[in-house]
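# With the sequence up front, the predicted model follows.
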Amino acid sequence: MNVKKVFTGFVILMAVILVASFSLLISPPETVDVVIIGAGASGMAAAIEANGFGHKVVILEKMPYVGGNTLRATAGINGLNTPQQSAFNIEDDETLFKQDIFESGHDSNNEVMIDLMVKESAQAISWLTLQGVDLQDVGILAGHSVARTHRPSGGKPVGRAVVEALYAKLIELDIDLRTEHKAIEIVLDTAGAVSGVKIEDKSGKVYHINTRNVIIATGGFGGSPETFVYYNQKLKGYATTNSPSATGDFITLVEQLNVQLVDMGYIQTHPTVSTDYGMLITEALRGNGGILVNNSGMRFADEMKNRDVLSADLLAQDNKEVYLIFNEEIRRSLAASDDYIDMNIVIEGDDLSTLATRLRIDQLQLEATIMAYNSYVENGFDEAFNRKSLKYTLEQGPYYAVAVVPAVHYCMGGILIDSHARVIDDTGNPITGLYASGEATGGIHGLNRLGGNSLLDAIVFGRIAGRNIK
Ligand SMILES: Cc1cc2nc3c(=O)[nH]c(=O)nc-3n(C[C@H](O)[C@H](O)[C@H](O)COP(=O)(O)OP(=O)(O)OC[C@H]3O[C@@H](n4cnc5c(N)ncnc54)[C@H](O)[C@@H]3O)c2cc1C
């Protein structure tokens, strides 16, 4: 062994360690005005808003890409009294919108927050439009009295449009977005106010940012079967529509902070999720005229009932076998349906007898069901189930069918916030500097969220959090 070489190597190593330790000592820890945890709709809206108020922002995203569950949203975002509604001559008002929300939520919604969300809904739509999101089409979803769900022209999926536009804005504004950086701890000072965040980067290195404001926008926990079954045992064995990013990180992040978590057991199932790949079949497809039949070829419910009620009706059918049926006219009215055809989850038939054979259901019964439904549309009254939204007849083929089951979809529970998006502790007081928004929060939607209100909630309260930080 060459002793001299070993000694020289040792000296060099020690010098490197010394220099590194010294530079650590002299380089001040990074300090910003706000750290936002999660780059879905809510986190990105908060970041853009905070940046607009002149704050120095860092937005963390644990995945290699932005978007979370937002990226999967298809049907649209609700807005009241928008220019788009006027263009379609849709008459709507605050009382009616709230009535639909409370009926869906079984009157257990947070009234103050709903009032604020409804009042700010038109502004949320115009703000998104200003960021470059096309929201020119307006459709009706289950549980709504009128069409108020805004989406891109031709009925294209809304989530992609929102994520692309907000992400482009983050880049344009040069906001510090760090993908594959996961928040692992929110640090409070001795007075109980936010003082920083501990972060793990993709190499596993843990570092700290000093900040007096943190916005938790991590989304929900519907992508983690272990977590949703922990909070609601009835959901054991259910598939999920959620992104793998929706693992409920907010739960561990606030565990030591005496934060109030509310309504954690209220977890919404969506009735129409493809049995193949767990792909959600948007409510907009029923809104535009799709119907549900069981394996006897019969309708069994008003297809536009609220999600919780319709999920239960569907599970009561023989072998839980149900098909969502639509035709060419409906397909053309909603661009999102082409995605399902491209994914090969749709069974097609030029006419009803071919479709029935392919579905292995009684042809005569299916034809009788469709004929009766067509007559309801023509007369404007559904004699069987009193469905209110009767848009297109199913007169002309080709026909399409997707086998569907309910799957876990949305977490109504989460962090309790107030109307300033401040996080509330278990004594009922806000924690200084701690904010939350989007699906990580709870209590707003009650027992069952109305479709199209989650993106609305994410944008409204994300923006409120972004502009309220001190
Ligand atoms: C299939 C599907 C369709 C839907 N369709 C609609 C619809 O049409 N209309 C509607 O209103 N709602 C819809 N929803 C619900 C809606 O999309 C979501 O509730 C909403 O987008 C949530 O937004 P968010 O910003 O709160 O969370 P997300 O969009 O889920 O974003 C949270 C982000 O935080 C990141 N994150 C999590 N933990 C950490 C951490 N520790 N550190 C750093 N980053 C972290 C995640 O990776 C994720 O990117 C749908 C949901 C699904 C699953």
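Looks like it came in fine.
# Isn't Val162 up against Arg72?
No: applying Cβ atoms under 8 Å as the test, Val162 and Arg72 come out as separate, 11.0 Å apart. Heads up, the C-betas are built off the backbone N, CA and C, glycines and all.
# Looking at the two, which is more packed in?
Legend: neighbour count by other Cβ atoms under 10 Å for Val162 and Arg72, higher for Val162 (29 against 17).
# Distance check, that one against Ala336.
14 Å (Cβ to Cβ, to the nearest Å).
# Then Gly466?
Counting by Cβ to Cβ, the gap from Gly466 to Ala336 is 30 Å.
# what about these two, which has more around it?
Gly466 (30 against 22).
# Setting the sequence-adjacent residues aside, check what's closest to the more buried one.
Glu49 (3.0 Å; Cβ to Cβ, 6 or more residues apart in numbering).
# For that neighbour, grab phi and psi.
With angles defined as degrees, to the nearest 10, Glu49 sits at phi -70, psi -50.
# what sits against it?
Gly462, Arg463, Ala465, Gly466, Arg467 (Cβ atoms under 8 Å, 6 or more residues apart in numbering).
# Secondary structure element holding Ile345?
Counting by DSSP states H and E, no helix or strand carries Ile345.
# mind starting the numbering at 59 from now?
Okay, residue one is now 59; in that scheme the one you just asked about reads as Ile403.
# just checking, it touches Tyr335?
Yes: with contact defined as Cβ under 8 Å, Ile403 and Tyr335 form a contacting pair (6.5 Å).
# For the two, indicate the residue with more neighbours.
Ile403 (18 against 12).
# How confident is the prediction for the more buried one, by pLDDT?
If you check Ile403, the pLDDT there is 96.
# Starting from Tyr289, give me the distance back to the closest residue to Phe279 other than its chain neighbours.
Leaving aside its sequence neighbours, Phe279 sits nearest to Gly306 (Cβ to Cβ, 6+ apart; 2.8 Å). Distance of Gly306 to Tyr289, computed by Cβ to Cβ: 9 Å.
# anything in contact with each of those two?
Phe279.
# ok, these two, which is more surrounded?
Between Gly306 and Tyr289, counting by other Cβ under 10 Å, Gly306 is the more crowded of the two (25 against 18).
# Who are the contact partners of that one?
Neighbours of Gly306 in contact, by Cβ under 8 Å, 6+ apart: Thr276, Gly278, Phe279, Ser282, Thr285, Cys469.
# Now with 6 Å, please.
Each residue near Gly306 by Cβ atoms under 6 Å, 6 or more residues apart in numbering is listed here: Phe279, Ser282, Thr285.
# What of Gln423?
Counted by Cβ under 6 Å, 6+ apart, Gln423 has contacts Gly355.
# pLDDT wise, what is it at?
For Gln423, the pLDDT comes out at 98.
# and whatever residue of the stretch 109-258 of the chain ends up closest to the ligand, how many residues sit next to it?
Minimum separation of the stretch 109-258 of the chain from the ligand (Cβ to the nearest ligand atom) falls at Gly126, amounting to 2.5 Å. When neighbours are defined as other Cβ under 10 Å, Gly126 has 33 of them.
# where does the residue of the stretch 309-458 of the chain found nearest the ligand fall, phi/psi-wise?
Using Cβ to the nearest ligand atom, Leu338 is the residue of the stretch 309-458 of the chain that sits closest to the ligand, at 3.9 Å. Main-chain torsions, Leu338, degrees, to the nearest 10: phi -70, psi 130.
# just His202 next, same as before
Dihedral pair for His202: phi -100, psi 140, per degrees, to the nearest 10.
# Can you mark which positions in stretch 347-361 are buried?
For stretch 347-361, the neighbour count (16 or more other Cβ atoms under 10 Å) marks 347-353, 355-361 as buried.
# er, stretch 113-124 I mean
Buried residues in stretch 113-124, counted by 16+ other Cβ under 10 Å: His113, Val115, Val116, Ile117, Leu118, Glu119, Lys120, Met121, Val124.
# is any part of the strand or helix carrying Gly520 close to the ligand?
Following DSSP H and E, one finds Gly520 within helix 511-526. Yes: against the ligand, helix 511-526 shows contacts by Cβ under 6 Å from any ligand atom at Asn511, Ser512, Leu513, Ala516.
# How about the contacts made by Thr333?
Neighbours of Thr333 in contact, by Cβ under 6 Å, 6+ apart: Ala461, Val463.
# distance between the ends of stretch 260-278?
22 Å (Cα to Cα, to the nearest Å).
# nearest residue to Met171 other than its sequence neighbours?
Ile502 (4.6 Å).
# So the one you found versus the ligand, what's the distance?
11 Å (Cβ to the nearest ligand atom, to the nearest Å).
# That residue: neighbouring residues, count only.
What Ile502 shows, counting by other Cβ under 10 Å, is a neighbour count of 27.
# where does it fall, helix, sheet strand or coil?
Look at Ile502: counting by DSSP: H, G, I helix; E, B strand; the rest coil, its state is coil.
# I'd say it and Glu169 touch.
No: between Ile502 and Glu169 there is no contact under Cβ atoms under 6 Å: 10.0 Å.
# So what touches the longest strand along the chain?
Looking across the chain with DSSP state E, the single longest strand is strand 457-469. With contacts defined as Cβ under 6 Å, 6+ apart, strand 457-469 is touched by 278-280, 286, 293, 296-299, 325-333, 336, 339, 369, 372, 378, 380-385, 403-407, 413, 417, 507.
# Next step: those restricted to helices.
The helices, defined by DSSP state H, take in Phe286, Ser369, Leu372, Leu413, Leu417 from those.
# Counting neighbours, what do you get for the residue in the stretch 259-408 of the chain positioned nearest to the ligand?
Going by Cβ to the nearest ligand atom, the ligand is nearest to Gly277 of the stretch 259-408 of the chain, at 2.6 Å. Here the number of neighbours of Gly277 (other Cβ under 10 Å) works out to 31.
# residues in the stretch 309-458 of the chain within reach of the ligand, list them.
Counting by Cβ under 6 Å from any ligand atom, the residues of the stretch 309-458 of the chain near the ligand are Leu338.
# one step back: quick one: which of the buried residues of stretch 347-361 is nearest to Asp165?
Ranked by distance to Asp165 (Cβ to Cβ), the buried residues of stretch 347-361 are led by Asp360 at 20.3 Å.
# residue contacts, that closest one?
Applying Cβ under 6 Å, 6+ apart, the residues near Asp360 are Phe443, Arg445.
# tell me the pLDDT at it?
At Asp360, pLDDT is 97.
# cool, Glu379 as well?
88.
# ok, and the closest non-adjacent residue to it?
Nearest to Glu379 is Asn353, by Cβ to Cβ, 6+ apart, at 4.2 Å.
# residues in contact with that neighbour?
Here Asn353 is in contact with Asp376, Glu379, Ile419 (criterion: Cβ under 6 Å, 6+ apart).
# Looking at the buried residues of stretch 113-124, which are in strands?
Counted as lying in strands by DSSP E, out of the buried residues of stretch 113-124, are Val115, Val116, Ile117, Leu118, Glu119.
# Quickly note the distance from whatever residue of the stretch 59-208 of the chain ends up closest to the ligand to Thr340.
Nearest residue of the stretch 59-208 of the chain to the ligand, counting by Cβ to the nearest ligand atom: Gly98, 2.0 Å away. Separation of Gly98 from Thr340 (Cβ to Cβ) stands at 18 Å.
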